[in-house]
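Just a sequence and a predicted model for now, questions to come.
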Amino acid sequence: MLPGDGVAGAFLSDCYHVFDAADPAFTAFIQHYQVCEIGPLAQYATGLSKDDEAVKNSLIYPEISQGPLAGTNSRIKMKHRRGGGRAGLELLNAYNVLTVGDLAG
């Protein structure tokens, strides 16, 4: 058994209760794990506290998805990567024509 296994197990259990059950004890969860002796757990809790409002909204409104926005962002990044190479604008234009053709068909 490694040092911190008990803390890690408790952390996972607390995560389940806070996130999966949409438990309102989110603030207590963050305060407890920000002072944890295991660095990555404390860093995770600190990161959650920085995004406090967004995380609470995701717990309150689980039916709202960021999927469509994430998909659009991925397509923009892919086009940027493909168009930024040696082929330049000609390849990007050809790719856009093919993509629009796929959507229409």
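Structure received. Residues are numbered from 1 along each chain as shown.

Low-confidence stretches in the chain?
Low-confidence segments of the chain (pLDDT under 70): 1-4, 21-24, 82-88, 100-105.

same thing but 80
For the chain, applying pLDDT under 80 flags the ranges 1-5, 19-24, 58-60, 62-70, 76, 78-105.

do you know how far the residue located most distally from the centre of the chain is from Val97?
Distance from the C-alpha centroid of the chain peaks at Glu90, with 33.9 Å (CA atoms, centre = their mean). Distance check for Glu90 against Val97: by CB to CB, to the nearest Å, it reads 11 Å. Backbone N, C-alpha and C define where each C-beta goes, glycine included.

what does Lys50 give?
Counting by CB to CB - Lys50 and Val97 are separated by 42 Å.

Would you mind giving the domain segments of this protein?
5-60, 67-104 (automatic domain parsing).
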